[in-house]
Each structure stands twice: as structure tokens, then as C-alpha cells.
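>>> give me a 3D structure for the following:
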Amino acid sequence: MDPETNLPDLTSDLALTIDDLTDALAPLLASPLPSLTATLPTLDKAKLHILTAYTLESLLFSALQASGADAKSHRVFPELARLKTYFGKVTAAEAAGEGKGAQGPATRLDKDAAARFIRHGLSGNERFDKERAERLAKEK
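Numbers count the residues shown, from 1 in each chain. Purely as a prediction, here's the structure:
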């Protein structure tokens with residue numbers, strides 16, 4: 001431990017931080033999570049669920065580290081990574097909804113393929129076959 005570290009100051013800072021955290025979490029802890037999310041839009045509901053799970057997992061990770069256990073080899077570590085990927089997906093969906101981020105995979109219509117599908121789907125239709133034969137005759 002660094003000789004310049006003032007342990008009493010650090011513990012008082014920790015106590016103040018825990019008090020601030022308790023005050024910040026009071027609205028979430030006052031009522032059950034399903035009643036909080038009932039009125040939220042889907043994207044906000046997903047964010048709240050992911051952040052709640054991430055908070056719990058990160059607190060568990062911190063407790064493991066503080067106890068001296070190897071937290072990175074514990075099953076909590078991959079869970080934190082999984083939650084980060086979910087939050088990335090929600091953030092990407094939010095950005096796409098606002099028109100800021102990637103619009104998703106670029107799709108284009110292959111007109112020739114669509115024409116073949118339609119033509120083969122309509123084959124056997126006498127009226128279509130007759131109109132097509134007339135059209136081809138006019139083109140020649």
C-alpha cells in the first residue's frame with residue numbers, strides 16, 4: 001500500500017459515495033420493477049432492465065475483487081461482457097431509430113430476379129400468357 005494513502009479519508013469518501021448511491025437508487029427501490037416499466041416505451045424498458053442487471057453484476061464483481069477472489073475467472077465476468085453487448089445493441093437500435101447511426105444492412109431490389117419470380121408465378125395464367133405473347137409480338 002502506498003505510504004501516502006490516507007485510509008480514513010478514503011473510507012469517509014466511500015461512505016459518502018454509498019450514501020449518494022442509496023439516494024440515487026431510492027426511486028427504483030421504492031416500487032417493484034414491473035410497475036416501473038409498465039408505462040415506459042420498449043426501448044427505455046430494455047435500457048432499464050439491462051442497466052439494472054449490469055449494476056447488480058458489477059456490484060458482485062466489485063465485492064469479489066474486494067474480497068481478494070479472482071473476479072476475472074468468475075462467471076460474473078462473462079456476464080458483464082454479455083450485458084455490455086446487449087447495451088450496445090440497444091444503443092444501436094436507439095441511434096437507428098433517431099436516424100443517427102447505421103441504418104442497418106443496405107438492401108436493394110434485384111429487378112430482374114423480381115421480374116422472373118412474377119413471370120414464373122403467373123405462368124399458366126391464360127390471360128397473362130396471351131397478353132405477354134401480344135407484347136412480345138409488338139416488340140418484334
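
>>> the helices in this structure, which residues?
Listed in chain order, the helices of the chain (DSSP state H) span 7-30, 33-37, 42-66, 76-98, 111-122, 126-139.

>>> just give me how far the last one sits from the chain centre.
Going back to what we said before, that points to helix 126-139. Centroid separation between helix 126-139 and its chain, computed with CA atoms, centre = their mean, to the nearest Å, is 52 Å.

>>> got JSON lines for the helices of the chain, with mean pLDDT too?
Below are the helices of the chain laid out as JSON lines (pLDDT from 0 to 100):
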{"stretch": "helix 7-30", "mean pLDDT": "83"}
{"stretch": "helix 33-37", "mean pLDDT": "85"}
{"stretch": "helix 42-66", "mean pLDDT": "90"}
{"stretch": "helix 76-98", "mean pLDDT": "89"}
{"stretch": "helix 111-122", "mean pLDDT": "81"}
{"stretch": "helix 126-139", "mean pLDDT": "84"}
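
>>> can those helices go into JSON lines with extra columns for mean neighbour count?
C-beta here means a position set from N, CA and C on the backbone, and glycine is covered the same way. Formatted as JSON lines, those follow (neighbours: other CB atoms under 10 Å):
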{"stretch": "helix 7-30", "mean neighbour count": "10"}
{"stretch": "helix 33-37", "mean neighbour count": "12"}
{"stretch": "helix 42-66", "mean neighbour count": "15"}
{"stretch": "helix 76-98", "mean neighbour count": "14"}
{"stretch": "helix 111-122", "mean neighbour count": "10"}
{"stretch": "helix 126-139", "mean neighbour count": "10"}
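
>>> just the CA trace of stretch 6-26, in CSV.
Coordinates of each C-alpha in stretch 6-26 appear next as CSV, following Å, rounded to 0.1, in the frame of the first residue of the first chain:
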residue,chain,number,x,y,z
ASN,A,6,-4.8,8.3,3.8
LEU,A,7,-7.1,5.4,4.7
PRO,A,8,-9.6,7.4,6.9
ASP,A,9,-10.2,9.8,4.1
LEU,A,10,-10.8,7.0,1.6
THR,A,11,-13.3,5.3,4.0
SER,A,12,-15.2,8.6,4.5
ASP,A,13,-15.3,9.1,0.8
LEU,A,14,-16.6,5.6,0.4
ALA,A,15,-19.3,6.2,3.0
LEU,A,16,-20.4,9.4,1.2
THR,A,17,-20.5,7.6,-2.2
ILE,A,18,-22.6,4.8,-0.7
ASP,A,19,-25.0,7.4,0.7
ASP,A,20,-25.2,9.1,-2.7
LEU,A,21,-25.9,5.8,-4.3
THR,A,22,-28.6,4.9,-1.8
ASP,A,23,-30.3,8.3,-2.5
ALA,A,24,-30.0,7.8,-6.3
LEU,A,25,-31.5,4.3,-6.1
ALA,A,26,-34.3,5.1,-3.8
